[in-house]
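J.: I would like the atomic coordinates for the input below:
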Amino acid sequence: CEVSDLGVLRDERTSLASGLKQVAGDHDLILTTGGVSTGEEDHVKAAVESIGSLVLWRMAIKPGRPVAMGIIGGTPLIGLPGNPVASFVTFVHVVRPTVLALAGGLPEPLTPIPLRAAFAYRKKAGRREYVRASLRRAQDGALEAIKFPREGAGLLSSLVETDGLVELGEDITNVEPGQDVGFLSYADLL
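T.: Take a look at the predicted model:
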């Protein structure tokens, strides 16, 4: 696809609305990063609602819950979160399939590789979570996933220093060492 970098727009509702409306007719997809959460200075949602329609705001995933999808002048818009890990996860699961569809491509379902967890983890039911992990061979030769030691959607190092994402479905609330989990390699996500 051909990409236009439109630069940084001021984090003000009217400035964002004006900039987004101006480019809507000249592009097949508008992609933004940041400004879609619930903070005082997050204005993308309100800007889109003032000049178009918001179709979706927030997804039941972590990291990546604040994501906006809308239409401005007939052009789809996807607003990604500002934190790098959340932005990456939502890019992989929302933007990439959208770009492929707009280009006439067929959907490419992501199929996690089954392997063993070498970590314990707790999460809330009802949302899908992606845990950054590295791979290692256990003494018995089996592949194991090791969780990155720190949490936080703003830790770019957690993407750089790991091999992929352990995908935990909505119904999973607890992972114990030795349990089978699904692993998505970064190589397969891009």
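J.: buried residues of the longest helix along the chain, list them for me.
T.: Counting residues, the longest helix found in the chain (DSSP state H) is helix 13-24. For helix 13-24, burial by neighbour count (16 or more other Cβ atoms under 10 Å) applies to 13, 16, 17, 19, 20, 21, 24. Glycine gets a C-beta too; all of them are placed from N, C-alpha and C.
J.: so what does that helix touch, helix or strand wise?
T.: Helices and strands touching helix 13-24, by 3 or more Cβ pairs under 8 Å, 6 or more residues apart in numbering; DSSP states H and E, are strand 30-33, helix 44-51, strand 68-72, strand 75-80.
J.: and residue 90, which of those is closest to it?
T.: Closest to residue 90 of the helices and strands packed on helix 13-24, according to Cβ to Cβ: strand 75-80, at 5.2 Å.
J.: run me through the strand neighbours of the closest one, direction for each.
T.: Within its sheet, and counting by DSSP bridges, strand 75-80 is paired with strand 30-33 (parallel), strand 68-72 (antiparallel).
J.: flag every buried residue along the longest one.
T.: The reference is to strand 68-72. Buried-residue list, strand 68-72, by 16+ other Cβ under 10 Å: 68, 69, 70, 71, 72.
J.: of the buried residues of helix 13-24, which is the nearest to residue 35?
T.: Nearest to residue 35 among the buried residues of helix 13-24, with distances taken as Cβ to Cβ, is residue 16, at 7.2 Å.
J.: what's next to stretch 134-149, contact-wise?
T.: Outside of stretch 134-149, the residues within contact range by Cβ atoms under 8 Å, 6 or more residues apart in numbering are 113, 115-119, 121, 131-133, 155, 158, 161-164, 166, 181, 183.
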